[in-house]
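Participant: Below are the sequence and a predicted model; questions follow.
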Amino acid sequence: MSGTTISGGCLCGQVRFRTDREPLMGRACWCRDCQYLALGNASINLIVPSDGMEITGRTQEFVSVADSGNVMRRRFCPNCGTQLFSESVDHPERMVVRAGALDDPELARPSGIIWTASAPSWGWMDRELPMTEGQPAAAPAPSNL
């Protein structure tokens, strides 16, 4: 994806974001928190370096402890409710961007599926992708930090 600009925003247009940093990975997550955020489905996410992310507009934040034990900051548009980002307090160098908020959701094509043990029996998963029953090892740290 060399030279790719990642951009997006919320449904009402109040929040916009962009970065020219290379994404670390895309993945689908079936943890229970993501099922809430994705209305019962897996959330599809692009993990990017936080450094270089430009965000305009006001976001609201919800802080909770995930099943992994990580304290997560989840941000969304306070006007339209679009889920935008999440970040682990322990890993502020990476940001999770929700695929639905991307201008080009093709960028978030999953390279793996996590928390498969939490998926409902009817949950669809691409059996060609690597799967992890729970929390995988942390994504690689972005270079040039």
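Facilitator: Arrived safely.

Participant: Just the pLDDT for G3.
Facilitator: pLDDT for G3: 68.

Participant: Bridged to the residue lying closest to A101 once chain neighbours are set aside, which residues?
Facilitator: What sits nearest to A101 in space, not counting adjacent residues and going by C-beta to C-beta, 6 or more residues apart in numbering, is G8, at 4.5 Å. Where you see a C-beta, it was placed from the backbone N, CA and C, and this is true even at glycine. Beta-bridge pairing of G8, defined through DSSP bridges, involves F17, L102.

Participant: What helices and strands are in contact with the lowest-mean-pLDDT helix or strand in the chain?
Facilitator: Least confident helix or strand of the chain, by mean pLDDT, DSSP states H and E, is helix 32-37 with a mean of 92. Counting contacts by 3 or more C-beta pairs under 8 Å, 6 or more residues apart in numbering; DSSP states H and E, helix 32-37 is packed against strand 43-49.

Participant: Quick check: the closest residue to F62 other than its chain neighbours vs R109, distance?
Facilitator: Nearest in space to F62, with sequence neighbours left out and distances taken as C-beta to C-beta, 6+ apart, is R74 at 4.8 Å. Per C-beta to C-beta, to the nearest Å, R74 is found 22 Å from R109.

Participant: Between the two, which is the more surrounded one?
Facilitator: Counted by other C-beta atoms under 10 Å, R74 and R109 do not tie: R74 has more neighbours, with 20 against 14.

Participant: Just say helix, strand or coil for the more buried one.
Facilitator: Here R74 is recorded as strand under DSSP: H, G, I helix; E, B strand; the rest coil.

Participant: List the contacts of it.
Facilitator: 37, 61-64, 83, 85-86 (C-beta atoms under 8 Å, 6 or more residues apart in numbering).

Participant: if I pick the most far-flung residue of the chain relative to its centre, what's in contact with it?
Facilitator: Of all residues in the chain, S121 has its C-alpha farthest from the mean position, at 23.1 Å, by C-alpha atoms, centre = their mean. Residues near S121 by C-beta under 8 Å, 6+ apart: none.
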